[in-house]
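1. got a predicted structure plus its sequence, pasted below:
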Amino acid sequence: MASTPPVAGAAGSTMSAQSRVVTSGSGRRWLAVLRLATGFIFLWAFLDKTFGLHYSTGAPVEGGTPSVAWIDGGTPSQGFMKFAAVGPFKDFFASIAGTFTDWLFMAALLGIGIGLMAGVALRITAVAGTILMLCMWAAEWPPLEGSSNPIVDYHIIYALVMIVCAVLYAGDTWGLGRWWGSLVGRQHWLR
């Protein structure tokens, strides 16, 4: 993934790297929508798990289960790693589950969400997001009978979306990608 810095166009204006890779303005805007929507998925997961917004965290029941929000002492990664993991990697994930994995998981959700929403550091975001998604995919593999697809599920699709956003400079449209690219200069891996 060689980064292409902005160059002067025919009229002397500076073209973004994305405008040279994705020649359709409509295509660039749809990539930006895809990037923002995917970023919101990660950012929302972070917010819901942190503050217990009662979507994937569920609502506490009066006199029953307490809040599972991270700020209330919940463990955002441990329940999944200890009890939802299945298959040949179940014991591995259960053995590494702990406070460290909670912090690492939540930092990944926040960093990936902010990176995608802002359109910055998309290469790092794609690598971190792909690793996170592959780990989550492996923890649930093989899928239970009745699952929709044993190989390609939403974890793989999210990873592919992040890779496409990084490769096609999706942060240049409706994001801070051009600014970020000028800031990091020749450090292409930070782009």
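-> Sure, I can see it.
2. counting by contacts, list what the longest helix along the chain packs against.
-> The residue-count maximum for a helix in the chain (DSSP state H) belongs to helix 25-51. Helices and strands touching helix 25-51, by 3 or more CB pairs under 8 Å, 6 or more residues apart in numbering; DSSP states H and E, are helix 17-21, helix 99-118, helix 154-167. Every residue, glycine included, has its C-beta placed from N, CA and C.
3. buried sites along it?
-> 28, 31-32, 34-36, 38-39, 41-43, 45-50 (16 or more other CB atoms under 10 Å).
4. same thing with stretch 47-66?
-> By 16+ other CB under 10 Å, the buried positions in stretch 47-66 come out as Leu47, Asp48, Lys49, Thr50, Gly52, Thr57.
5. pLDDT score assigned to Ala108?
-> Reported pLDDT at Ala108 in the predicted model: 98.
6. just confirm it contacts Thr130, I think it does.
-> No - contact criterion CB atoms under 8 Å: Ala108 and Thr130 do not qualify, at 11.0 Å.
7. hang on, the earlier thing: could you find the lowest-pLDDT member of the buried residues of stretch 47-66?
-> The minimum pLDDT among the buried residues of stretch 47-66 falls on Thr57, with 80.
8. so what's that residue up against?
-> Asp48, Lys49, Ser67, Val68, Ala69, Gly74 (CB atoms under 8 Å, 6 or more residues apart in numbering).
9. look up how far Lys49 lies from the nearest residue to the fourth one once chain neighbours are set aside.
-> It stands for Val68. Distance criterion CB to CB, 6 or more residues apart in numbering; nearest residue to Val68, sequence neighbours excluded, is Gly74 at 3.9 Å. Gly74 sits 7 Å away from Lys49, going by CB to CB, to the nearest Å.
10. repeat for Pro150
-> Separation of Pro150 from Lys49 (CB to CB) stands at 27 Å.
11. circling back to that earlier point, and the helices and strands packed on helix 25-51 as JSON lines, adding mean neighbour count?
-> Shown next, in JSON lines, are the helices and strands packed on helix 25-51 (neighbours: other CB atoms under 10 Å):
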{"stretch": "helix 17-21", "mean neighbour count": "19"}
{"stretch": "helix 99-118", "mean neighbour count": "19"}
{"stretch": "helix 154-167", "mean neighbour count": "19"}
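12. with Pro143 as the reference, name the closest of those helices.
-> Within the helices and strands packed on helix 25-51, the stretch nearest Pro143 is helix 154-167; the backing value is 10.6 Å (CB to CB).
13. next SSE after the closest one?
-> helix 177-184 (DSSP states H and E).
14. packing partners of that following helix?
-> helix 17-21.
15. for Gly177, which residues are in contact?
-> Gly177 neighbours (CB under 8 Å, 6+ apart): Ser16, Gln18, Gly119, Val120, Leu122, Tyr169, Ala170, Gly171, Arg191.
16. swap in Thr38?
-> Leu116, Tyr158, Val161, Met162, Cys165.
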